[in-house]
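Undergrad: using only what follows, build the 3D model:
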Amino acid sequence: KNTNKKIEAEAKIQEEGIEFAILRSGPYINDMWGPQDAPWNNSNIKKVIFEPIKQIHEDAVQTYDMSKEGNGSIIGYEVQNENDSSTILYINSDSTMYMEDVENWFAFLGYLNGIKGLENVNIRRVKNMHGMFSEVHRLTELDISSFDTTNVTSMGSMFSGASSLTALYLSNFDTSQVTDMSWMFSRASSLTTLDLSNFDTSQVTDMGSMFSGASSLTTLDVSNFDTSKVTLMYGMFSDCSNLIELDISNMTFDSINSYDSNSYIDMFKGVPNNIHIKVKDEAAKEFIEARLADDGITEGVVEIVSR
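TA: Just a heads-up that it's a prediction; the model follows:
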């Protein structure tokens, strides 16, 4: 029995060693190729496509060496769209592409309405996803369920201002190391549903304005949220102007500084007057009722539910 455990342990170490070697070798996309610094910052990119095979796009109007190593292992081709003045950015390599920092990577690409091939990108070493898809106003659907987010600590503003998103797939997200979820879905105003049932929030300290301005949500179930370390909830549900059913029945508020109103100010500002909120116990009920009163919500019902 001990021999089997030893064999399993050695196999795991070998597997992790191989994975580490692959992660170390890359190829990596240069961190500087996010929209803030890249040559296409002011262009009309409509689609970004990550291709799993290295191929030359002869019709490219611009070609970029996007590899961190500067060896041409990852090439970007900007191709003119036949129908209008927009362009398509093809990014390809003859192997999986790796990224180490994706902060603001697609942010402010105002014409972007499609991203394909994200399953060909490995983000295992990424710790910071802050603002990755913020202010992409025309993107309607995003599937990032293939992302390995094991090491991510910041998801702040990740989808902030993605105002046309109607479908967002996060089913495999590992959030067990995340400490910052502030403004994460802020102003994602076209989302009508949001499934966060797999979210592990046990390390999160900041949920400020997490859902603020998510104005198309009518129901939100975050009953799985562990808020034992959360110190900031300012504006958490503010301007969720159609939210009438909210389940926060696992949330506690012991880490919130009740003497510092800035930590919870405007928590429910702008929500419907008849909102129905499910909470865990009498202490949670008292806290939430006080926050509703702070924001002038006079007919909201706070119900204690057993889990």
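Undergrad: going forward, measure contacts between C-alpha atoms and count neighbours the same way
TA: OK.
Undergrad: ok, now how distant is Ala293 from Thr218?
TA: According to Cα to Cα, to the nearest Å, Ala293 and Thr218 sit 21 Å apart.
Undergrad: ok, the two, which is more surrounded?
TA: More crowded of Ala293 and Thr218, by other Cα atoms under 10 Å: Thr218, with 18 against 14.
Undergrad: I figured that one hits Phe237, correct?
TA: No - using Cα atoms under 8 Å, Thr218 is not in contact with Phe237, being 11.8 Å away.
Undergrad: quick one, what contacts Ala162?
TA: The contact partners of Ala162, taken as Cα atoms under 8 Å, 6 or more residues apart in numbering, are 133-139, 187-189.
Undergrad: let's have the residues you listed in a markdown table, adding distance to Ser228 and secondary structure.
TA: Shown next, in a markdown table, are the contacts of Ala162 (distance: Cα to Cα, whole Å; DSSP: H, G, I helix; E, B strand; the rest coil):
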| residue | distance to Ser228 | secondary structure |
| --- | --- | --- |
| Phe133 | 28 | coil |
| Ser134 | 28 | coil |
| Glu135 | 31 | coil |
| Val136 | 32 | coil |
| His137 | 34 | coil |
| Arg138 | 36 | coil |
| Leu139 | 34 | coil |
| Arg187 | 26 | coil |
| Ala188 | 26 | coil |
| Ser189 | 28 | coil |
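Undergrad: how about a markdown table for those, with distance to Ile288 added?
TA: Shown next, in a markdown table, are the contacts of Ala162 (distance: Cα to Cα, whole Å):
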| residue | distance to Ile288 |
| --- | --- |
| Phe133 | 31 |
| Ser134 | 30 |
| Glu135 | 31 |
| Val136 | 33 |
| His137 | 33 |
| Arg138 | 35 |
| Leu139 | 34 |
| Arg187 | 23 |
| Ala188 | 24 |
| Ser189 | 24 |
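Undergrad: same list (the residues you listed) but as a markdown table, adding neighbour count and pLDDT.
TA: Putting the contacts of Ala162 into a markdown table (neighbours: other Cα atoms under 10 Å; pLDDT from 0 to 100) gives the following:
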| residue | neighbour count | pLDDT |
| --- | --- | --- |
| Phe133 | 25 | 94 |
| Ser134 | 28 | 94 |
| Glu135 | 24 | 93 |
| Val136 | 24 | 93 |
| His137 | 21 | 92 |
| Arg138 | 17 | 95 |
| Leu139 | 23 | 96 |
| Arg187 | 27 | 98 |
| Ala188 | 28 | 98 |
| Ser189 | 23 | 98 |
